[in-house]
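could you work out the structure for the sequence below:
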Amino acid sequence: MRKKEFEKIHRELQEEKVEILNRLMKDRANYYENLKNEGGDLADEAMESIEREIIYDLSIAEKKELEEINTAIKKLEEGTYGVCEMCDKDIPIERLKVKPYAKFCTHCREIDERKKKNHVMSEENE
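Residues are numbered from 1 along each chain as shown. Prediction:
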């Protein structure tokens, strides 16, 4: 059963990868087009600057998601997909359906998030 579900997840990850790459290419083309068309008054320039920053920030998030998708695809092809990177137990298929590039089972994800939260809090206190 897991094998068929993994095959479906693999197809979905490949489709999502193509969508992200298409968006990144479109964003890049729009960014360069905006650079060519710069001019006008200060308000126009400020709006264009803000728009470029938003596109850049979105691209960073999409690039991160693309990296996670590529890692999941590689794991599927190697036969290591669906295994928690922290405890080495199977990640429940329900979790993988919701987040197909999940690295941790639910329990370990909570542990990881607590560690990250505590790390941020300790840095803020320094």
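
give the helix, strand or coil label for Phe104.
Counting by DSSP: H, G, I helix; E, B strand; the rest coil, the backbone at Phe104 sits in coil.

any idea of the pLDDT on it?
Looking at Phe104, its pLDDT stands at 96.

what sits closest to the residue nearest in space to the middle of the chain if chain neighbours are left out?
With distances taken as C-alpha atoms, centre = their mean, the chain has Glu65 as the residue nearest its mean C-alpha position (1.6 Å). Spatial nearest neighbour of Glu65, chain neighbours left out: Ile20 (6.3 Å); criterion: C-beta to C-beta, 6 or more residues apart in numbering. All C-beta spots, glycine's among them, are computed from the backbone N, C-alpha and C.

contact partners for the one you found?
Neighbour list for Ile20: 62, 65-66, 69 [criterion: C-beta atoms under 8 Å, 6 or more residues apart in numbering].

neighbouring contacts of stretch 60-69?
Under C-beta under 8 Å, 6+ apart, the answer for stretch 60-69 is 13, 16-17, 20-21, 23-24, 100-101.

any chance of those residues in TSV, plus pLDDT?
Putting the contacts of stretch 60-69 into TSV (pLDDT from 0 to 100) gives the following:
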residue	pLDDT
Leu13	93
Glu16	91
Lys17	89
Ile20	84
Leu21	82
Arg23	79
Leu24	75
Pro100	94
Tyr101	93
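
in helices, which of these fall?
13, 16-17, 20-21, 23-24 (DSSP state H).

hmm, back to that, quick check on the contacts of Ile20: which are buried?
Neighbour-count burial (16 or more other C-beta atoms under 10 Å) is assigned, among the contacts of Ile20, to 62, 66, 69.

for Cys105, state which of those residues is nearest.
Nearest to Cys105 among the buried ones among the contacts of Ile20 is Ile69, at 19.2 Å by C-beta to C-beta.
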